[in-house]
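Visitor: 3D model of this:
(chains A, B, C and D)
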Number of protein chains: 2
Amino acid sequence: MGVTKTEIFTEQQNRIADLAKAFSHPARVAILQLLISRKACVCGDLVDELELAQATVSQHLKELKRIGIIHGEINPPRVCYCINPVVWQEAQSTFGSLLDTFALTNSCCN
Amino acid sequence: MGVTKTEIFTEQQNRIADLAKAFSHPARVAILQLLISRKACVCGDLVDELELAQATVSQHLKELKRIGIIHGEINPPRVCYCINPVVWQEAQSTFGSLLDTFALTNSCCN
DNA sequence: TTCAATAATTGCAATATTACGATGAATATT
DNA sequence: AATATTCATCGTAATATTGCAATTATTGAA
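Guide: Numbering: from 1, shown residues only, chains lettered A, B, ... in the order given. Predicted coordinates:
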């Protein structure tokens, strides 16, 4: 159907999936890296850095905003995008604990 | 177009995006959690745990295999799925360093 | 060989995502 | 006021993803 059955999963599982979406497209990874390195934080600069149309970059920024991992400050006529430290920390602890739940001592069931 | 322009991004960015896809759907998160907790590792058991059809679970398993984060051992007529420790560690270090590149002392550019 | 059990694959439908040109809204500058 | 700049949104096209029923291997057992 193309539609995820959100209701059959836990809140936590759905949130993990959402946070992962921030990193699940190379353009969004690149945008986040650019924001962190502070080589660019204005939409127009991101467009210059990436070989993508302005509309496409804007769409990825919208998705990142929806997830909450960035927020934009209007600085007319520009918009400065920044990492949201709160959600970034949430991602750190979420992926940190998820990835730690697998102990390397675990062996396969055979 | 619906098609990601893979070629304009770095190998690293594309790999991060691919690894993130393992976690970007709640069903795949649930599957990985079940494999880790060892409540289930056989496809049929996963189908019982999740409210999804066998074909759907199989497809998610296929995607996780493509990424490399799990592998299946044939134990006829069953298939036992396991976390691949090598790729799991890759995910740990990849997301670990990516998430660490943002220092909370970073302030926005305004 | 035939049957049962298990899982992969196929085919299909519906929705989501990616991408871009064009347009629109907001605001600074002239 | 008119213009230019910047970014969001709309519309559209193409591809990807999600999900399931049905079918197809595959293999062990009868």
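Visitor: Quick check: residue A:36 touching residue A:82?
Guide: No: counting by Cβ atoms under 8 Å, residue A:36 stays clear of residue A:82, with 9.9 Å between them. (Glycine included, C-beta is placed from N, CA and C.)
Visitor: what's the distance between residue A:57 and residue A:45?
Guide: 10 Å (Cβ to Cβ, to the nearest Å).
Visitor: list the contacts for the residue lying closest to residue A:67 once chain neighbours are set aside?
Guide: Once flanking residues are discounted, residue A:67 sits nearest to residue A:22: 5.0 Å by Cβ to Cβ, 6 or more residues apart in numbering or on different chains. Contacts for residue A:22 (Cβ atoms under 8 Å, 6 or more residues apart in numbering or on different chains) come out as A:28, A:32, A:63, A:64, A:67, A:69, A:91, B:20.
Visitor: So which residues make contact with stretch A:68-87?
Guide: Contacts for stretch A:68-87 (Cβ under 8 Å, 6+ apart): A:19, A:22, A:31-32, A:35-36, A:41-44, A:46, A:61, A:64-65, A:67, A:88, A:91, B:102, B:104, B:106, B:108-110.
Visitor: still on that earlier bit, who has more neighbours, residue A:57 and residue A:45?
Guide: Looking at residue A:57 and residue A:45 with other Cβ atoms under 10 Å in any protein chain shown, you find the greater number of neighbours at residue A:57, namely 21 against 16.
Visitor: quick check, distance from stretch A:37-47 to the centre of its chain.
Guide: 16 Å (Cα atoms, centre = their mean, to the nearest Å).
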